[in-house]
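In: How does the following fold in three dimensions:
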Amino acid sequence: MVDTNISSKIELFLSCRRLVNKDVFSKSDPMAVLSMKDGINYRSMSKIDRTEVIDNNLNPDFKKRFVLDYHFERRQELLIQVFDVDSSRVDRTSDHDFLGMARTTLADLVSRGKAALPLCDKAGRTMKQRSMVIVRCRELGDTSLICNLTMQGNSLPKMDLFGKADPYLEIYKKSAVDNSWLPVTKTEVQKYTYKPRWKPLELSAAALCNNDRKLPLLFKCFDWDRNSTPDRIGQFETTLEELEAKQPLAEFLLRKPKDAGKKRPKKRGSIGIALKLRKEHTFLEYIRGGCQINLTVAVDFTASNGDPREARSLHFIGHGFENAYQKAMVTIGNILTPYDSDNKYPLFGFGARIKRTNRVEHCFPLTMNEADPEVKGVQGILEAYRGAFNHVLLSGPTYFSEVLAMAAANASAARFNNDSQEYHILLILTDGRYDDERQSIDQIVAASTLPLSIIIVGVGKADFSAMEKLDGDEVRLTSSTGQRAYRDIVQFVPFRKFKSPQLLAKETLQEIPAQFLSYAKMKNAIPLDAKFAVNASETKLPVLNYQPSVHVLTRTPTLYDSKQRSMQQMSTANIHLLASQPNMFPPAQAAVVPQSYHPQAPVVPQSYHPAVSSQQPSMYQGAFNQTPAGQVAPVPVHVQAARVIPQQAVHNPAPSAVPSAAPSAPSLVADNRVQSTADQISALESQMKAAAANMDFVNAQRLKEQIDKLKAQSAAPPAYAGGDAYYMAPPPP
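Out: Alright, predicted model coming up:
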């Protein structure tokens, strides 16, 4: 089992260089304030503490020490603000002059040890004086100390009427808060013996005594009973410091609390403890030494996800809506970004029919480039994911084995030794059961000796009981040949269990440090030399530029106005006219949306699958027949027709906002009933929508120009008011 509460204590020290001088007759009196946000303990920037004030100094070295809890599975954002103190009310920052601020993440700092952050003004512009804050970061305490305890009992008393004793030990440590005893661990039960020899216990000094050798420890010895509560044999107190001093074997007499003060207390036996201490490298030491954490993402494109053109699909992309696939990519990608120096991620899909080859593939790059499956940054992952729907058709069945084989091949090519270290994480996003259980388990067992961890996120409301079998927390996986996995490398998480991305990240990534250390221990690899030591020269420090976390929806509705030659924010009423902008997006940026967005929209393509008649729009909902030749024959299921439109028009309106059907647009030439300017505008808008729906963007653009002229003459308001849409603005001409 993995201790899910493990975290590392980090201490930070701040220094500033080339600060702005805000005082007339002296120099600035700087003070720094540190705030943090991690989405769980701090959902917004919360003040941690401040430094002392240093008088008349533009290059201060603050003595204040900030102690923080570092969690690998969280994105912990830091904000450092520097002020020139001008009043006696030091904590009231509004009374002081602002000297600059810097943003970073705790992961960026711990991976470097020491770094320089350029100070910016409140608008985010770099200070002209090239002011900077230097942050020194190191792990606090001796967290790498491992204690091995071998314990034995001697001359324990008879505790059972018809037997001897069934003893076991419980270990406690004293709380620094209320002096209560906190449980640490316990041994197994040794039956029918007065001289038990318990199995050795191995735990970190942090878990045993909070890395405090003088912290009191309490050992309690009990006699186990099958049908009643255990009987206490005796107890004793000691410390790790005392255990070290009494080696090779520390002997302690067992006593009960009622024996206190007695000259000749009852003999209750003794406990002997042999202690061995050893150093074990921590996860942070490997990260700080420069070990690269490489993320690979694999996305489920099987038809059981649902037609991506419909809002109920797990792959649906619409305004104000992040589907679960996007959320998982962004959440985990944002956290792992600081540990990957090139910030490039291989991105694959499985279970889709590739349009250009008309073949179902179970491991294909979403870039559609076999030679280069990598994308740049988390934003690149999102763009490649959205663009993939132009090149694939959802199909099936769901096979993991090829994706697992690809990840294992990449991990086997990685070096992990005392000269170079690289560790891989495979993120599989899927909607349900998989159809190649035996092959997948064989691949996982074989990969358990490679620098690889596998995270499986279950999306949707399907039954994930088969997935949980791959997570070897309880029972270690065994291959079809009887070989057991060397270590647990799989973590399965159902997406629906977590209401926030931060909790999802915490659950999915919390086992990675332990899995990483188990592999490093297997390879006997020590951490590399730190890239930047704490005492490195300031002129050689890396300058960290803050990289904000990527979100799926980040832009506000804007449109380029050719008359004003500038970007203009669009009103809600005009958003549906976006389809008339032919150059808004290149074809690769298209996305699939429901037909209800444009009631007259034809089906493009008319068949969801080449094997289905163009007269019957269809897709495959995950039902498959196995042919004698071993090929998968999909079973077509009728679905609602849909079309492909540019990304800027992606939209999922409320049912009441868009009519289910629209009358055909009237002709301005043939219909003599169109008299007023408002009627002309309405008729032209209907024609423009019909042209845009039929992908006739040239005619739609011409109609829009006519509408703009009529509106300029009459100042008539837009005739159609619909919901918002998410889109991106075009570049200026």
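In: doesn't residue 74 make contact with residue 37?
Out: No: shown here, residue 37 and residue 74 do not form a contact pair, counting by C-beta atoms under 8 Å, at 10.0 Å. C-beta coordinates here come from the backbone N, C-alpha and C atoms, glycine included.
In: Between these two, which has more neighbouring residues?
Out: residue 74 (24 against 19; other C-beta atoms under 10 Å).
In: Can you give me the distance of residue 328 to residue 105?
Out: 20 Å (C-beta to C-beta, to the nearest Å).
In: swap in residue 456?
Out: Taking C-beta to C-beta, one finds residue 456 at 26 Å from residue 105.
In: Equivalent analysis for residue 24, please.
Out: In terms of C-beta to C-beta, residue 24 sits 37 Å off from residue 105.
In: Give the residue from the two that has the larger number of neighbours.
Out: The neighbour comparison of residue 24 against residue 105 (other C-beta under 10 Å) goes to residue 105, with 25 against 5.
In: Please name the residues that touch that one.
Out: Contacts for residue 105 (C-beta atoms under 8 Å, 6 or more residues apart in numbering) come out as 75, 76, 77, 78, 338.
In: what bridges to it?
Out: residue 77 (DSSP bridges).
In: now swap in residue 173 and tell me
Out: Bridge pairing for residue 173 - DSSP bridges - gives residue 182, residue 217.
In: quick one, what contacts it?
Out: Applying C-beta under 8 Å, 6+ apart, the residues contacting residue 173 are 181, 182, 184, 208, 209, 210, 215, 216, 217, 218.
In: of those residues, closest to residue 91?
Out: Taking C-beta to C-beta as the measure, residue 91 lies nearest residue 210 of those, at 30.3 Å.
In: which regions of this protein lie under the pLDDT threshold?
Out: For the chain, the stretches with pLDDT under 70 are 1-7, 39-43, 140-144, 320, 472-473, 499, 530-676, 692-698, 714-733.
In: Would you mind measuring from residue 525 to residue 204?
Out: 20 Å.
In: just the helices in the stretch 401-550 of the chain please.
Out: 401-413, 437-447, 465-470, 501-509, 512-523 (DSSP state H, counting those that start in this stretch).
In: which one of the ones you listed is the most hemmed in?
Out: Sort the helices of the stretch 401-550 of the chain by mean neighbour count, taking mean count of other C-beta atoms under 10 Å, and helix 501-509 sits at the top with a mean of 22.
In: Surely residue 91 touches residue 53?
Out: No: Residue 91 lies out of contact with residue 53 (C-beta under 8 Å); the separation is 11.0 Å.
In: ok, these two, which is more surrounded?
Out: A count of neighbours by other C-beta under 10 Å puts residue 53 above the other of residue 91 and residue 53, at 17 against 9.
In: Report the secondary structure element holding the more buried one.
Out: For residue 53, there is no host helix or strand (DSSP states H and E).
In: For it, grab phi and psi.
Out: Dihedral pair for residue 53: phi -100, psi 130, per degrees, to the nearest 10.
In: still on that earlier bit, any of the contacts of residue 173 buried? List them.
Out: With neighbours counted using 16 or more other C-beta atoms under 10 Å, those contain these buried positions: 181, 184, 208, 209, 210, 215, 216, 217, 218.
In: so what's the last one up against?
Out: Just to be clear, that refers to residue 218. Applying C-beta under 8 Å, 6+ apart to residue 218 gives the contacts 171, 172, 173, 174, 181, 235, 236, 237.
In: Only the buried subset of the residues you listed, as a PyMOL command please.
Out: Here is the PyMOL command that selects only those of these that count as buried (16+ other C-beta under 10 Å):
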select buried, resi 171+172+173+174+181+235+236
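In: need the contacts of residue 218 in TSV with distance to residue 396, can you?
Out: Compiled in TSV, the contacts of residue 218 are given as follows (distance: C-beta to C-beta, whole Å):
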residue	distance to residue 396
171	53
172	55
173	54
174	58
181	56
235	62
236	64
237	63
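In: check contacts around the residue nearest the centre of the chain.
Out: In the chain, the residue lying closest to the centroid (C-alpha atoms, centre = their mean) is residue 332, at 2.1 Å. Contact analysis of residue 332 by C-beta under 8 Å, 6+ apart lists 295, 427, 455, 505, 508, 509.
In: Which two of the residues you listed have the greatest separation?
Out: 295 and 505 (12.5 Å).
In: ok so, going back, would you mind giving the helices of the stretch 401-550 of the chain as TSV with distance to residue 312 added?
Out: Below are the helices of the stretch 401-550 of the chain laid out as TSV (distance: least, C-beta to C-beta, whole Å):
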stretch	distance to residue 312
helix 401-413	26
helix 437-447	28
helix 465-470	22
helix 501-509	21
helix 512-523	33
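In: can you tell which of the ones you listed is closest to residue 243?
Out: The minimum distance between residue 243 and these falls on helix 512-523, with 24.6 Å, by C-beta to C-beta.
In: Residue 280 - how many residues pack around it?
Out: By the criterion of other C-beta under 10 Å, residue 280 has 14 neighbours.
In: How much space separates it from residue 203?
Out: Distance from residue 280 to residue 203, by C-beta to C-beta: 11 Å.
In: Mind listing the shared neighbours of those two?
Out: With C-beta under 8 Å, 6+ apart, residue 280 and residue 203 have common neighbours residue 146.
In: quick one: the helices in the chain?
Out: 106-110, 205-209, 240-245, 283-289, 324-336, 377-387, 401-413, 437-447, 465-470, 501-509, 512-523, 677-693, 697-714 (DSSP state H).
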